[in-house]
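Asker: Got a predicted model here, sequence first, then my questions.
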Amino acid sequence: MAKSVEFFFDFVSPAAYLAYTQIRKVAGRAGGKLVWRPFLLGAVLQAAGNRSPIECAAKGRWMIGDLARFAERYGVEFNMSPHFPINTLPLMRGALIALEDGTFDQYADAVYKAIWVDSKNMSEPDVIGAVLSDAGLDAAHLFESTQRQDIKDKLKANTEEAVERGAFGAPTYFIDGEMHFGQDRLDFVEQALAA
């Protein structure tokens, strides 16, 4: 029986973006099932007593260079967003709607590209709407649906569950209850999936 990898992510994380570009391949090679788990990184960091690496100037400078090296290794485009950090609350609720609607791949591809390739300010509703519409998605439906109480509750529950299970940042993966963290640990994710 195939194992599952739960992928906890927030669009605000450049490391989660890089992991996103690779996780399907990793799961595919290992014969694993991918389970998308949108959460709110800011709330996870706060609950875990953690901070964004960018808040430490020396670590932030190093991290930007390291992300660029991994993007080159993975063969993907990456530009550090000049709008970082952005408020991803509506985007993360939108991810839950897209999962529900069966349009997640289209949605996530558009949002990640807008933030981490095209450097668009995805904190702005007009920009979000244009990006989603250009991707062939129903932006009005997505915006309206983000106000549903069940969607708000689901995002909060995902975030709380991640914290309870030991998450302290993004991306975080769970396989058979074992946690892995970081876009640079995908080899361990693949190994755990294939075991």
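Answerer: Nice, I can see it.
Asker: tell me the SS of the closest residue to Ala135 other than its chain neighbours?
Answerer: Distances taken as CB to CB, 6 or more residues apart in numbering place Ala110 nearest to Ala135, at 3.6 Å, with adjacent residues excluded. Any C-beta I mention is one placed from the backbone N, CA and C, and that applies to glycine too. Look at Ala110: counting by DSSP: H, G, I helix; E, B strand; the rest coil, its state is helix.
Asker: May I have the phi/psi pair for Trp36?
Answerer: Trp36 has phi and psi values of phi -80, psi 130 when expressed as degrees, to the nearest 10.
Asker: That one: neighbour count?
Answerer: Using other CB atoms under 10 Å, Trp36 has 18 neighbouring residues.
Asker: Tell me the spacing between it and Met92.
Answerer: 11 Å (CB to CB, to the nearest Å).
Asker: now Leu18
Answerer: As judged by CB to CB, Leu18 and Met92 stand 18 Å apart.
Asker: Ok, Phe188 next?
Answerer: Per CB to CB, Phe188 is found 26 Å from Met92.
Asker: Pick out whichever of those two has more residues nearby.
Answerer: Taking other CB under 10 Å, Phe188 and Met92 do not tie; Met92 has more neighbours (23 against 15).
Asker: For the more buried one, give me its contacts.
Answerer: Applying CB atoms under 8 Å, 6 or more residues apart in numbering to Met92 gives the contacts 10-11, 38-40, 155.
Asker: same thing with Leu193?
Answerer: Contact analysis of Leu193 by CB under 8 Å, 6+ apart lists 3, 5, 26-27, 30-32, 175.
Asker: least trustworthy helix or strand in this structure by mean pLDDT?
Answerer: helix 57-74 (a mean of 91; mean pLDDT, DSSP states H and E).
Asker: Name the surrounding residues that touch it.
Answerer: So helix 57-74 is contacted by 14-15, 18, 21-22, 53-54, 77-78, 80, 183-184 (CB under 8 Å, 6+ apart).
Asker: mind putting those in CSV, secondary structure, distance to Ala68 and neighbour count included?
Answerer: Output for those, formatted as CSV (DSSP: H, G, I helix; E, B strand; the rest coil; distance: CB to CB, whole Å; neighbours: other CB atoms under 10 Å):
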residue, secondary structure, distance to Ala68, neighbour count
Pro14, helix, 10, 26
Ala15, helix, 12, 20
Leu18, helix, 10, 25
Thr21, helix, 14, 19
Gln22, helix, 15, 18
Pro53, helix, 14, 18
Ile54, helix, 14, 15
Glu77, coil, 11, 11
Phe78, coil, 6, 19
Met80, coil, 8, 15
Gln183, helix, 13, 24
Asp184, helix, 13, 15
